[in-house]
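Enquirer: could you look at this predicted model? Sequence included:
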Amino acid sequence: MPISRIFRAVVLAAAISVLTLPSFVQAAGAPAIRAVDLVAHRAVYEITLNQSREGVGPTAARGLMAYSFSDACESWIVNNRIVMDVLFGEETPVRTDWTFNSWESKDSREYGYKLVHKRNGHLAEELMGKANLDAKGGTAEFTGETART
């Protein structure tokens, strides 16, 4: 499904940005980046498809997205869940359930995430990753399983 490829690209881009952002923000010898006090946040959004083009993508979609951002002492935590019923033409609706949890250390040196995607209650894919940045550079590890059905 195209949604899966797009979401994977977003996750990869986020991980890469965590590894490269500190080098853009703070040049060698520049003063340290000042910490920012962020406020915890939680929101729930209703998602609907207003219109679609005939023969392209879903014909109807409806669901909810829950998002939370919180301070966990030494790191920031983001939890995101999207549950949608998507209709493609005359077929039976597909229930998609995406859960994306991530954390980033407050010094921006470590990042980790876990993505779980279920389709009609069955595991479609599970991806995990972590990235570390030190004086020598950064490393990133990605693991995961995509169901083949």
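Expert: Nice, I can see it.
Enquirer: bridged to the closest residue to residue 58 other than its chain neighbours, which residues?
Expert: Spatially, and ignoring its direct neighbours in sequence, residue 58 is nearest to residue 86 (4.8 Å; C-beta to C-beta, 6 or more residues apart in numbering). Just so you know, the C-beta spots here come from the backbone N, C-alpha and C atoms, and that holds for glycine as well. Beta-bridge partners of residue 86, counted by DSSP bridges, are residue 61, residue 94.
Enquirer: residue 66 now?
Expert: With DSSP bridges as the rule, residue 66 is bridged to residue 44, residue 81.
Enquirer: ok, it - contacts?
Expert: Residues near residue 66 by C-beta atoms under 8 Å, 6 or more residues apart in numbering: 42-45, 79-82.
Enquirer: which one of these has the most neighbours?
Expert: Counting neighbours by other C-beta atoms under 10 Å, residue 82 comes out on top of the contacts of residue 66 with 19 neighbours.
Enquirer: my guess is that residue contacts residue 96, does it?
Expert: Yes. At 7.4 Å, residue 82 counts as touching residue 96 under the criterion of C-beta atoms under 8 Å.
Enquirer: anything in contact with each of the two?
Expert: Counting by C-beta under 8 Å, 6+ apart, the common neighbours of residue 82 and residue 96 are residue 63.
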